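K.L.:
I'd like to go over a predicted model; first the sequence, then the structure.
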Amino acid sequence: MAGLSLSRLAPGEAQAWDAFVAGAVNGSLFHRQDFLGYHSARFKETAHHLVWRKGSTLFAVLPLGIFLEEGRKVARSPFGASIGGFVHGPKLRLKYALELVDQLMEHLRDQGVHECLITTPPACYARSYTNAAEFALCSRGFTLRNREITHAINLGGVSDPFLPLDSSTRTQARKARRLGVTLQRNAPLETAYALVVRAKQQLGREGITHSEADLRAIRTIDPNFLKVDLAWLEGVPVAANVFLCSPTCITSFYPSCPREYAHTSALTLLTLDAIQWCLETGRTHLDLGCSSSQMVVNASLSEFKESFGASGYFRDTFGVAL
């Protein structure tokens, strides 16, 4: 049976890459070349995306960058995104998973790379899930460098957006409706971003992953990549959320409600509506984001997410010295 061949992504192949990711069992928005293009020229010199073929057919891809860090070359997947790792078709056989990793390590050694770090997608981003790639990484010397927990709501078999919520969260959603909170989908980005900045500042947190210009660039590439929602009360925006949208799962990046509007429970109503939107568009999961940092859990954040019926999924980073 024919083996695999490895090459770098060539100019003009980005469209074929994105078509492959869209049809793969574990592809996400974060693996797409058009999405990564919002960085423009920022990573032009470090991008080193890899493609595997079986014969002439695309078999797997790996978004990758090679960076010079303290005089050493370090390969990272992802870069400029939340998750990376191998994207592949259904039923990845273990022998091919091992071949992917063997060829990756040989290629990186040829490039003079000293270390490789790969953050794999949580299981909620896959149409069907296999740990073949992770096993192959570990069997070839990769070790678990970091493990975070992300909370996602599994909507498989759910017909009513209220069903995953616990009783107190349902009460909060009803309270928001009684107060007269209304919701706007596809809302103005500048209004939502201003709420994000304000809420972050109140928490004493500076530095937002995406600038408003970044989010505008993502929306320009494809309006379907970005979901921006606002909650209003008496003509005033009181809460916002911004989602990045993958085929099976949407990712909540900036749930924001300034302190003075917390009593409205508007953020609860926004999350409920996001569940409804997932059901309408056939998404199976709503990822509410990481609840840990460097394996330290934010207890109040995880409890808030679990009140919507979210469960924990690993977001693992594997690394190896080459």
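P.N.:
Right, received. Where do you want to start?
K.L.:
Report the mean per-residue pLDDT for stretch 212-224.
P.N.:
The average pLDDT within stretch 212-224 is 94.
K.L.:
ok, and what's touching that stretch?
P.N.:
34-35, 37-38, 40, 189-190, 193, 210, 225-226, 228, 242, 244-245 (C-beta atoms under 8 Å, 6 or more residues apart in numbering). Any C-beta I mention is one placed from the backbone N, CA and C, and that applies to glycine too.
K.L.:
What residues of it count as buried?
P.N.:
For stretch 212-224, the neighbour count (16 or more other C-beta atoms under 10 Å) marks Leu215, Arg216, Ala217, Ile218, Arg219, Ile221 as buried.
K.L.:
if I look at the fourth one, how far off is Leu195?
P.N.:
It stands for Ile218. Remark: distance between Ile218 and Leu195 (C-beta to C-beta, to the nearest Å) = 18 Å.
K.L.:
still on that earlier bit, which of the contacts of stretch 212-224 fall in helices?
P.N.:
Asp34, Phe35, Leu189, Glu190, Tyr193 (DSSP state H).
K.L.:
Which ChimeraX command selects the buried ones in these?
P.N.:
Of these, the buried ones go into a single ChimeraX selection, burial set by 16+ other C-beta under 10 Å:
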select :34,35,189,193
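K.L.:
Would you format the ones in helices among the contacts of stretch 212-224 as TSV with pLDDT included?
P.N.:
Output for those, formatted as TSV (pLDDT from 0 to 100):
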residue	pLDDT
Asp34	93
Phe35	93
Leu189	97
Glu190	97
Tyr193	96
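K.L.:
and which of the ones in helices among the contacts of stretch 212-224 is nearest Ala274?
P.N.:
Leu189 (16.6 Å; C-beta to C-beta).
K.L.:
Touching, the closest one and Asp229? I think so.
P.N.:
No. Taking contacts as C-beta atoms under 8 Å, Leu189 lies outside contact range of Asp229: 11.0 Å.
K.L.:
And the buried residues of stretch 212-224, which is closest to Thr264?
P.N.:
For the buried residues of stretch 212-224, the nearest to Thr264 is Leu215 (24.2 Å; C-beta to C-beta).
K.L.:
Quick check, pLDDT for Met1.
P.N.:
49.
K.L.:
What of Leu165?
P.N.:
The model's pLDDT for Leu165 equals 95.
K.L.:
count of residues packed around Thr143?
P.N.:
Here the number of neighbours of Thr143 (other C-beta atoms under 10 Å) works out to 11.
K.L.:
got it, and Val228?
P.N.:
Val228 has 21 nearby residues by other C-beta under 10 Å.
K.L.:
Same check on Ser300?
P.N.:
9.
K.L.:
Confirm it sits in a helix?
P.N.:
Yes. Under DSSP: H, G, I helix; E, B strand; the rest coil, Ser300 sits within a helix.
K.L.:
Just the buried residues of the helix or strand Met105 falls within, please?
P.N.:
Applying DSSP states H and E as the criterion places Met105 in helix 94-110. Buried positions in helix 94-110, judged by neighbour count with 16+ other C-beta under 10 Å: Tyr96, Ala97, Leu98, Glu99, Leu100, Val101, Gln103, Leu104, Met105, His107, Leu108.
K.L.:
okay, among the residues you listed, which ones form the most distant pair?
P.N.:
Tyr96 and Leu108 (18.6 Å).
K.L.:
any idea of the pLDDT on Val242?
P.N.:
Predicted confidence (pLDDT) for Val242: 96.
K.L.:
ok, now which ones touch it?
P.N.:
So Val242 contacts Ala192, Tyr193, Val196, Leu215, Leu226, Lys227, Val228, Asp229, Ser252, Phe253, Tyr254 (C-beta under 8 Å, 6+ apart).
K.L.:
how about low-confidence regions in this structure?
P.N.:
1-2, 40, 206-207 (pLDDT under 70).
K.L.:
from the buried residues of helix 94-110, which single one is nearest Glu303?
P.N.:
Closest approach between these and Glu303, by C-beta to C-beta: Ala97, at 36.5 Å.
K.L.:
one step back: give me the contact list for the helix holding Met105.
P.N.:
If you take C-beta under 8 Å, 6+ apart as the criterion, helix 94-110 is touched by 3-4, 6, 50, 52, 59-60, 62, 66, 75, 86, 88, 116, 132-133, 135-137, 139-140, 142, 320, 322.
K.L.:
Could you point out the helix or strand that follows it?
P.N.:
strand 115-119.
K.L.:
so what strands line up beside that next one?
P.N.:
strand 72-77 (parallel), strand 311-321 (antiparallel) (DSSP bridges).
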